[in-house]
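[1] The following block contains a protein sequence and its predicted model.
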Amino acid sequence: MGSELTAEKIVELFERDVRARRRLAELLVMEPDVRLAMINAVLRDVATKSDLERLRDELRNEFRSEIEKLRSEFRDEIRDVRRELSSLSERVARLEGRVDLLIKVFIGFNVPLLVAVIGILLKLIFG
């Protein structure tokens with residue numbers, strides 16, 4: 001049983017003997033049916049031009065979709081910022097109106113007082 005030649009032992013022998021492995025490969029490649037089977041197996045893993053074109057189209061469509069999504073999000077953000085700016089403009093305008101009113105009230109109360117103080121000072125100085 002120890003000298004029995006199994007598939008596992010054959011593989012081990014080819015793993016150890018590079019020259020024998022090369023000769024086996026050459027023999028296999030010379031057989032048209034084996035060569036065709038190997039070519040077909042390799043071709044299944046090779047991307048064709050149409051595969052690449054399909055992939056390019058898919059990527060292009062995905063890229064366009066993502067760009068459009070970003071544009072939409074950007075438009076929404078701009079719309080929100082404009083809404084906030086408009087709200088701030090309204091608040092500033094109301095504050096300006098209140099400040100104007102405060103200045104008018106301040107002047108309205110202080111001018112007569114200032115005139116009275118000036119009058120008292122003039123009376124004290126002149127007589």
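    Sure thing, it's come through. Residues are numbered from 1 along each chain as shown.

[2] rest of the way, CA atoms for contacts and neighbours
    Fine.

[3] and stretch 58-71, which residues are buried?
    For stretch 58-71, burial by neighbour count (16 or more other Cα atoms under 10 Å) applies to no residue.

[4] May I have it as PDB, with CA atoms only?
    Only the C-alpha atoms of stretch 58-71 are listed here, as PDB (Å, rounded to 0.1, in the frame of the first residue of the first chain):
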ATOM      1  CA  GLU A  58     -23.000  51.800 -15.500                       C
ATOM      2  CA  LEU A  59     -20.300  53.900 -13.800                       C
ATOM      3  CA  ARG A  60     -21.200  57.000 -15.900                       C
ATOM      4  CA  ASN A  61     -24.900  56.600 -15.000                       C
ATOM      5  CA  GLU A  62     -24.100  56.100 -11.400                       C
ATOM      6  CA  PHE A  63     -21.800  59.100 -11.400                       C
ATOM      7  CA  ARG A  64     -24.500  61.300 -13.100                       C
ATOM      8  CA  SER A  65     -27.000  60.100 -10.500                       C
ATOM      9  CA  GLU A  66     -24.700  60.900  -7.600                       C
ATOM     10  CA  ILE A  67     -23.900  64.400  -9.200                       C
ATOM     11  CA  GLU A  68     -27.600  65.100  -9.600                       C
ATOM     12  CA  LYS A  69     -28.300  64.000  -6.000                       C
ATOM     13  CA  LEU A  70     -25.500  66.400  -4.800                       C
ATOM     14  CA  ARG A  71     -26.900  69.200  -6.900                       C
END
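
[5] gap between that stretch and the chain center?
    Taking Cα atoms, centre = their mean, to the nearest Å, one finds stretch 58-71 lying 11 Å from the centre of the chain it belongs to.

[6] Count the neighbours of Val34 for me.
    When neighbours are counted by other Cα atoms under 10 Å, Val34 registers 13.

[7] excluding its backbone neighbours, what's nearest it?
    Excluding its sequence neighbours, the residue lying closest to Val34 (Cα to Cα, 6 or more residues apart in numbering) is Leu28, at 6.2 Å.

[8] distance of the one you found from Lys123?
    When distance is defined by Cα to Cα, to the nearest Å, Leu28 is 130 Å away from Lys123.

[9] ok, the residue nearest to Val34 touching Ala37?
    No: using Cα atoms under 8 Å, Leu28 makes no contact with Ala37, being 10.5 Å away.
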